[in-house]
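>>> Quick check, what structure comes out for this input:
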Amino acid sequence: MATAIDDFFLPESHRIDEQTRVGLARLLRALVDTVEGEIRDHGVRQLQVQGETALADALAAAEGVFAALSDSGVLRDRELMAELIAQVQQELLASGMPVQAHDDPERPSLINRFVQHPDRVLAQSAMGVLIAESRRRSLPEAGPLPQTDLPAELHHKLVWWVAAALRRCVAATAELADSDGAALDRVLAEAAQRSLAAHDEGDRVEAAVMRLAAAIDAQPDELPELLNEALGDRRVTLFAGLLAHALGVDYGVARSLALDAGSGRLWVALRALDLDREAIARLGLALTEADPRRDIEAFADTLDTIMAVDVPEARAALAGLRLPADYRAAVQALGGAA
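Okay, the predicted model is just below:
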């Protein structure tokens, strides 16, 4: 009853929509399945090599890892859920955007033009984005992913949680002697460390688009059209990367600006970059068409207010976002504001 009451009084603006909920459930389950498969398979092989066949069979047959993690509450981790919700909303925003037709139908998309660019650094960075995006978008209906594609800190948390949950599931279905428990702990810890060693944060989409944005190094007169083309090609990740590089903030900050439909922070950021009325209107229209939370009439009514914000004022308002995220979190934790 308490849960039902809390749910009823939750403001509509604080709820995640059904598409996000479904996508989040699939992504979270797939991440757990991915790490679980890596740890379980390696653990089973090691136990078989060591002659612990009964223990290997018990590990192979253990079930209920996702349920154990859910019941324990560890998956409610704020940083993990914030990252996963942002990933899902980012993909939904991209999928909701109509593809903008170029004046020249023979002209390649923005990312493909960079892939074909004579500058080797630009071309390789663009190809890296394509590879990373194809990996991210291959989310199956069920089963594991090619890799977790999480920030290193979150991948580390998930790996150790899954290893502990596997131990708990084995212990729940098999009677473990002290020596069995020690052997199981040893191989699970080794399998977890193997997964940690194989994880490369630089392979993530977010890292790839930041490398591309740095290679492009868009000048003020180039930035508006690049941002517009990125959205026209339904590449929200590239839009966020270009925005992050231009503002001098990390990718997560720029992504939060792009996904924030209510506060107007994105418009302040665009004014800080000295974008003119036409450029902001085009970007606002593209985002509003793709995001059901946004209101095109409200945006049109706000455009005069947006343009009334002076560029120096906008830059001053965003200065805190350029500070390291850990520093900002520490200041907020101590009751200040950065």
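
>>> residue ranges with poor pLDDT in the stretch 51-200 of the chain?
Along the stretch 51-200 of the chain, segments meeting pLDDT under 70 span 100-106, 137-142, 177-179.

>>> Distance from the helix or strand hosting L243 to the middle of the chain?
L243 is located in helix 236-247, with elements delineated by DSSP states H and E. In terms of CA atoms, centre = their mean, to the nearest Å, the centre of helix 236-247 is set 14 Å apart from its chain centre.

>>> could you dump that helix to PDB, C-alpha only?
Below are the C-alpha coordinates for helix 236-247, written out as PDB (Å, rounded to 0.1, in the frame of the first residue of the first chain):
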ATOM      1  CA  VAL A 236      22.400  12.300 -30.600                       C
ATOM      2  CA  THR A 237      25.700  11.000 -29.300                       C
ATOM      3  CA  LEU A 238      27.600  13.100 -31.800                       C
ATOM      4  CA  PHE A 239      25.500  16.100 -31.000                       C
ATOM      5  CA  ALA A 240      26.300  15.700 -27.300                       C
ATOM      6  CA  GLY A 241      30.000  15.200 -28.100                       C
ATOM      7  CA  LEU A 242      30.200  18.300 -30.200                       C
ATOM      8  CA  LEU A 243      28.400  20.200 -27.500                       C
ATOM      9  CA  ALA A 244      30.700  18.900 -24.800                       C
ATOM     10  CA  HIS A 245      33.800  19.800 -26.700                       C
ATOM     11  CA  ALA A 246      32.600  23.300 -27.500                       C
ATOM     12  CA  LEU A 247      31.500  24.000 -23.900                       C
END
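
>>> low-confidence ranges in the stretch 201-338 of the chain?
336-338.

>>> re earlier: got the contact list for the helix holding L243?
By CB atoms under 8 Å, 6 or more residues apart in numbering, the residues outside helix 236-247 that reach it are 90-91, 93-94, 97, 110-111, 129, 133, 205-206, 209-210, 212-214, 216-218, 223, 226-227, 230-231, 250-251, 253-255, 257-258, 269, 272-273, 318, 321-322. All C-beta atoms are positioned from the backbone trio N, CA, C, and that covers glycine.

>>> give the contact list for A126.
111-112, 114-115, 117, 212.

>>> switch to 10 Å and redo it
110-117, 119, 208-209, 211-212, 215-216, 238 (CB atoms under 10 Å, 6 or more residues apart in numbering).

>>> top helix in the chain by residue count?
helix 18-49 (DSSP state H).

>>> which helices and strands sit right next to that helix?
Applying 3 or more CB pairs under 10 Å, 6 or more residues apart in numbering; DSSP states H and E, one finds that helix 18-49 makes contact with helix 53-61, helix 65-72, helix 78-95, helix 152-173, helix 178-198.

>>> How far does it sit from its chain's centre?
In terms of CA atoms, centre = their mean, the centre of helix 18-49 is found 17 Å from the chain centre.

>>> what's the angle between that helix and helix 65-72?
Angle, helix 18-49 to helix 65-72, by axes from the mean of the first three to the mean of the last three CA atoms, to 10 degrees: 120 degrees.

>>> Tell me the spatial nearest neighbour of the residue sitting nearest the centre point of the chain, not counting adjacent residues.
Computing the C-alpha centroid of the chain and ranking residues by CA atoms, centre = their mean puts Q87 first, at 3.5 Å. Nearest residue to Q87 in three dimensions, chain neighbours excluded: L27, at 6.7 Å (CB to CB, 6 or more residues apart in numbering).

>>> which residues sit in contact with the residue nearest to the centre of the chain?
Neighbour list for Q87: 23-24, 27, 136, 139, 149-150, 205-206, 237, 255 [criterion: CB under 10 Å, 6+ apart].

>>> and what of R45?
R45 touches 56, 187, 191, counting by CB under 10 Å, 6+ apart.

>>> try it again with 7 Å
By CB atoms under 7 Å, 6 or more residues apart in numbering, the contact set of R45 is empty.

>>> so how far is A68 from it?
R45 sits 23 Å away from A68, going by CB to CB, to the nearest Å.
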